[in-house]
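> pasted the sequence and its predicted model underneath.
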Amino acid sequence: MYTVTKEIYFCYGHRLLNYEGACRYLHGHNGKVEVELGSEKLDGRGMVVDFSEIRNLIKDWIDQTLDHTMLLRRDDPLIPALQEKRERFYVMEDNPTAESIAKLIYDYARSKKLPVMRVTLWETASSFATYRGQ
């Protein structure tokens with residue numbers, strides 16, 4: 001099995017609803033995503049996927065959708081105020097935990113037909129979550 005991994009850096013804000021810790025308050029992170037792709041065979045260029053293709057598909061989507069954006073659960077009462085002020089936010093079905101953000105990026109990569117094996121989101125230098133598909 002061949003694998004390639006692309007690191008992508010972005011900044012985001014979030015808060016967790018129904019949570020008692022400090023993350024219940026609005027705050028931000030300088031996140032790092034590792035997107036690992038794999039294949040049993042290399043393509044005609046001798047690659048799993050060209051790093052520039054990963055950048056063009058995944059990094060550009062992260063930059064446009066998640067970077068410098070407040071990630072909120074669909075029922076967060078802050079959403080109407082952000083809409084009124086025309087602030088950037090992204091609505092997620094679940095709490096915007098590191099786990100659910102990793103899955104969001106994994107699902108997006110899959111939707112683009114990339115052979116993604118795992119996505120790891122580093123929320124801090126010492127804390128990360130990984131999502132691997134079925």
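Now that the structure is in, tell me what you want to look at. Predicted model, so just to flag it, every value in this text is computed and none were measured. Numbers count the residues shown, from 1 in each chain.

> and the residue nearest to Asp63 when sequence neighbours are not counted, what does it touch?
Distances taken as C-beta to C-beta, 6 or more residues apart in numbering put Phe10 closest to Asp63, at 6.9 Å, once the chain neighbours are dropped. Backbone N, C-alpha and C define where each C-beta goes, glycine included. For Phe10, the contact set (C-beta atoms under 8 Å, 6 or more residues apart in numbering) comprises 31, 33, 62-63, 66-68.

> Phe10 and Ala125: what is the separation?
From Phe10 over to Ala125 the distance is 15 Å, taken as C-beta to C-beta, to the nearest Å.

> ok, now Leu37?
Spatial separation of Leu37 from Ala125 under the definition C-beta to C-beta is 24 Å.

> same check on Arg110?
Relative to Ala125, Arg110 is positioned 28 Å away (criterion: C-beta to C-beta).

> can you read off the pLDDT for the nearest residue to Thr69 once chain neighbours are set aside?
Closest residue to Thr69 in three dimensions, ignoring its sequence neighbours and counting by C-beta to C-beta, 6+ apart: Arg88, at 4.5 Å. Arg88 is assigned a predicted lDDT (pLDDT) of 97.

> tally of neighbours for Arg88?
14 (other C-beta atoms under 10 Å).

> for it, give me its contacts.
Going by C-beta under 8 Å, 6+ apart, the list of residues near Arg88 reads 68-70, 82.

> now Ile62: which helix or strand?
helix 60-65 (DSSP states H and E).

> nope, Leu71 is what I was after
strand 69-73.

> quick one: contacts of that strand?
With contacts defined as C-beta under 8 Å, 6+ apart, strand 69-73 is touched by 12-17, 26, 78-79, 82, 87-96, 101.

> what subset of those is buried?
The neighbour-count test (16 or more other C-beta atoms under 10 Å) applied to those identifies 12-16, 79, 89, 92, 95-96, 101 as buried.

> select from those residues every entry located in strands.
12-14, 89, 92 (DSSP state E).

> how about the helices in this protein?
Applying DSSP state H to the chain gives helices spanning 51-54, 60-65, 79-84, 98-111.

> which strands or helices does the shortest one pack on?
Yep, that's helix 51-54 we're talking about. strand 2-14 (3 or more C-beta pairs under 8 Å, 6 or more residues apart in numbering; DSSP states H and E).

> thank you kindly, that will do.
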